[in-house]
Each structure stands twice: as structure tokens, then as C-alpha cells.
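**Student:** What would the 3D arrangement of this be:
(one chain, ligands or ions: 1)
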Amino acid sequence: MNAHSPRNTNESLFARAQKTTPGGVNSPVRAFRSVGGTPRFITKAQGPYFWDAEERRYIDYIGSWGPAIVGHAHPKVVQAVQEAAARGLSFGAPTEGEIDMAEEICKLVPSIEQVRLVSSGTEATMSALRLARGATRRDKIVKFEGCYHGHADSLLVKAGSGLLTFGNPTSSGVPEDFVKHTLVLDYNNTQQLEEAFKAAGNEIACVIVEPVAGNMNLVPATAEFLQTMRRLCTEYGAILIFDEVMSGFRVALGGAQSLYGIAPDLTALGKVIGGGLPVAAFGGRADIMKHLAPLGGVYQAGTLSGNPVAVAAGLTTLRIIQEAGFYERLSAQTRKLADGLGDAARDAGVTFSADTLGGMFGLYFSAAVPTSYAEVMQGDKERFNVFFHAMLDQGVYLAPSAFEAGFVSAQHDDAVIAETLVAARTAFAEIAS
Ligand SMILES: *Cc1c(COP(=O)(O)O)cnc(C)c1O
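**Tutor:** Here you go, the predicted structure:
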């Protein structure tokens, strides 16, 4: 049967999906709840584009929420996956590819001396937290409002992303007892952080942070905020965890930690390191990692961890992004997009700002780039929604929420950016009218 049957429409597929899947989607933000309308059902993707069930082509600015950094269906990645698949899909026993992957990660992110592979970012942060608690024998953890670290119970405390969109402060189903050790502080508020450590520093197992926040739109940390965090963690014997599931290999080859020149004790990775297949990882100081089973008492495991097909996709992606000039070009293209959008908004008289870091961008319907969750919340969500749909109608697919960052791939060339900017002029004009 033809998977691209012309009888399928996005509407008919969405109706069908809702019968057997809650909300018709397997991850909430895909449902378009925040922007309204019918989600697009994707049939194929190539380079900077994907196509929906109605055979409409879109320029894709989510790139699977980050992983598609080399462009969709890159021939080298596809070939590596096909060859790995032909050798067997999963063994439940170690492979050389996992060593190659670990060596590559340790080389690219020097604060990582040892690493363990898992299958999702959620697993990576959840395991890093358990490890931090096990290694310090402390319970309390610190997170920041607007940062999203996956959906582990103790982290769903005013978490960002999908939850932000739905306006829920926490998820139901998480017992109060599970989050009573989680301290939620304001992002980029150095003074508050100092106060928290002064009050309870000796009980804090770890601080977990997105060094470049990408789940409340794009909000980079200030250097002072991260430097203070590093100093306080060292002073009080707490473990500093950088959640670089999104920023890792996205804002720079060495992640946000290379841009800020700060070495965390542990790092969580995901998204790009799987190249589109389920690979994530957590790693860091060897003296902390040695607490993990089978060496130590902190239990952590996974049937599909280090899966050979997924590792082949990830490893090939990590090799492509090391090609000379990759990040210079990616950053330049992303900048071109943001600058062009800024120009188009100004010409239309629409209050707007944009920011980029590496291959990541933020669009804000506010006069200035926000620096905190509270400021992000002040952006004009209605205007974003009009913009989103005007762009979608013209074949440009942005993240379907005002609270998500956007992603550019190495395949977004000048022609693709130019086509996007033509669409943006029409979209801003619609907002202005
Ligand atoms: C996406 C993301 C996660 C969760 O990763 P999943 O693979 O979706 O479980 C965790 N932290 C950050 C910063 C992310 O962007």
C-alpha cells in the first residue's frame, strides 16, 4: 500500500490518530494546541524540507527539535544506518561502536571523562540526578524556572516547553513528596542563587541548568550567573549538571560549556548526538561516574542503551559536524535568518526581536530579547500565533509554540533563507494590518 495515499489529509489522519492515541500525538507540543489548527502529518524529509500527507513541502525550522543538524536524511547518515541495520538491530551485549561513540563525546566535550549512553534526554537527566544524589548522599536539587529537563517526576516543577504552553505549573500525577526536594529558582538571578546556597548549600546534591535555555524560547544564561553557579557548587560540594540535551553540538561543537569556558561536573546530552535516532548520554568527572552500577551503588540500565543502529546514526552525525567550517557556516546562516526577520518586522512596523546562538534561534514578539522566564511570558503570544499560521500557509514550518526555540540545519542555504524571508514579509504585513 502506498504510504502517501492521496486520500489522506492532515485532517483525516488527525481524526484517526485521536481515536487510538491521546490527543492524536506521541508528544504534546506536536498537537498544535498552543497555536490552534491541525497538525501536519509528515511523510518524508530531505535536507531542509519535509512534506506532509497532502504532499505540501515545508521549510523545516524544528529539525526534529534539534537532531537534524546536518539536514534530513543526510546520505552518509542514512548509509551508516542501513549498514548497521543489516548487521543486526540490537544485541543486548556491548559493541565497538559504543566505544567509538564514547571516545568521540569525551574528545569533543573535555569535561566529560566518562560517559554512559541512554535512549532519551529524559533518561539522561533523570540518571544524572540520581547519580548526583548517590555520589553526594544529599537529596535536595536546584532547578530554574523555564528550564525543561525532560519529564522525570522530580523535575516537573513549573517545567517549561509543553507544560508552559498549557499553563500548568506542575503535572498532575506527581506526588508532592517527589518534588519537595526540588528548589525552583529564577533563571539568570545570581543573587537568589547565592541566597539559596547560603540557606541550604550543604544539603544541595546538585544544580541542574540549561546553560542556554531552549525550552522557554531561546534565553542564554549570563556568564556571571553560570560562573557564580560553578563557584557555589564547588564551595558547597554540590554537583553542577549542565543539561546540554538541546545546546550540545548545537550552539557550538563543544556545547554551551565551550562558549562560556565553564566545566560542569556532569553533562546531559541528547538530540544531536542521536542524529535523529534515540541516543542520549550523561557523563562527566570519572570520580563521580564510578558511582554508577556495575562499579558503584547507583543503579542505571537500559535494554536499548547504545543500540547499534542508533549509535551508527549518532556517530556519523558527530563526524559530519566536525568538518571544517561547519559551525561558522551554520551560525552565519542562522544569523542571516534572524537579521532578515528583524528587518522584515521593522519594515512592517511590528514589535519584534530575534536572537541566535550557533544553529539555534529565538523569535520574540517583544521589543527586547528576554533574559528570564517572566520576560518570556510577557511576549505577545497572539501575534506569534498569527505569524506561525501565516508562515505555515506559505510552506514554512516553525515550532508550533511561542515558547520554543528554532533550529537551522547545514542544508538551509541562502535560497532557503531567502524564501523564508519572503514569506515573513507577508506574515508581518498580516500582523500589522
Ligand atoms: C529535549 C530536552 C530534554 C528531554 O529529552 P527527550 O529526549 O525529549 O526526553 C531534556 N533537556 C533538554 C534541555 C531538552 O531540550
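
**Student:** from what I can see residue 196 touches residue 183, true?
**Tutor:** Yes - counting by CB atoms under 8 Å, residue 183 is a contact partner of residue 196 at 6.1 Å. For every residue, glycine as well, the C-beta is placed using N, CA and C.

**Student:** helix, strand or coil for residue 262?
**Tutor:** Of the three states, residue 262 takes coil under DSSP: H, G, I helix; E, B strand; the rest coil.

**Student:** How about the contacts made by it?
**Tutor:** 211, 226, 227, 230 (CB atoms under 8 Å, 6 or more residues apart in numbering).

**Student:** which stretches of the stretch 1-150 of the chain have low pLDDT?
**Tutor:** For the stretch 1-150 of the chain, the stretches with pLDDT under 70 are 1-6.

**Student:** follow-up on the earlier one: and the contacts of residue 262, which are buried?
**Tutor:** The neighbour count (16 or more other CB atoms under 10 Å) marks 211, 226, 230 as buried among the contacts of residue 262.

**Student:** would TSV of those residues with distance to residue 35 be doable?
**Tutor:** As requested, these are arranged in TSV below (distance: CB to CB, whole Å):
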residue	distance to residue 35
211	28
226	32
230	38
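
**Student:** now, which of the residues you listed sits nearest the ligand?
**Tutor:** Nearest to the ligand out of those is residue 211 (CB to the nearest ligand atom; 9.6 Å).

**Student:** Make sure residue 320 is actually in contact with residue 75.
**Tutor:** No - here residue 320 does not reach residue 75: they are 10.4 Å apart, not a contact under CB under 8 Å.

**Student:** So those two - more neighbours on which side?
**Tutor:** The neighbour comparison of residue 320 against residue 75 (other CB atoms under 10 Å) goes to residue 320, with 17 against 9.

**Student:** For the stretch 51-200 of the chain, list the residues in contact with the ligand, please.
**Tutor:** 120, 121, 122, 125, 148, 149, 150 (CB under 6 Å from any ligand atom).

**Student:** Any idea how many residues pack against the closest residue to the ligand within the stretch 101-250 of the chain?
**Tutor:** Closest to the ligand within the stretch 101-250 of the chain is residue 121: 2.1 Å, counting by CB to the nearest ligand atom. Residues near residue 121, counting by other CB under 10 Å, number 29.

**Student:** contacting residues around it?
**Tutor:** Taking CB under 8 Å, 6+ apart, we find residue 121 in contact with 149, 150, 243, 245, 246, 268, 269, 270, 271, 280.

**Student:** now do 10 Å
**Tutor:** By CB atoms under 10 Å, 6 or more residues apart in numbering, the contact set of residue 121 is 65-66, 148-151, 243-246, 248, 268-271, 273-274, 278, 280-282.

**Student:** Kindly provide the distance from residue 399 to the ligand.
**Tutor:** Distance from residue 399 to the ligand, counting by CB to the nearest ligand atom, to the nearest Å: 12 Å.

**Student:** wouldn't that residue be in contact with residue 246 here?
**Tutor:** No - Residue 399 is beyond contact range of residue 246, at 12.0 Å (criterion: CB atoms under 10 Å).

**Student:** Find residues that contact each of these two.
**Tutor:** Common neighbours of residue 399 and residue 246, using CB under 10 Å, 6+ apart, are 65, 405, 407.

**Student:** can you list the weak-confidence ranges in the stretch 201-350 of the chain?
**Tutor:** In the stretch 201-350 of the chain, no residues with pLDDT under 70.

**Student:** Look up how far the ligand lies from residue 288.
**Tutor:** For residue 288, the distance to the ligand - CB to the nearest ligand atom - is 19 Å.

**Student:** That residue against residue 128, yeah?
**Tutor:** Yes - shown here, residue 288 and residue 128 form a contact pair, counting by CB under 10 Å, at 9.4 Å.
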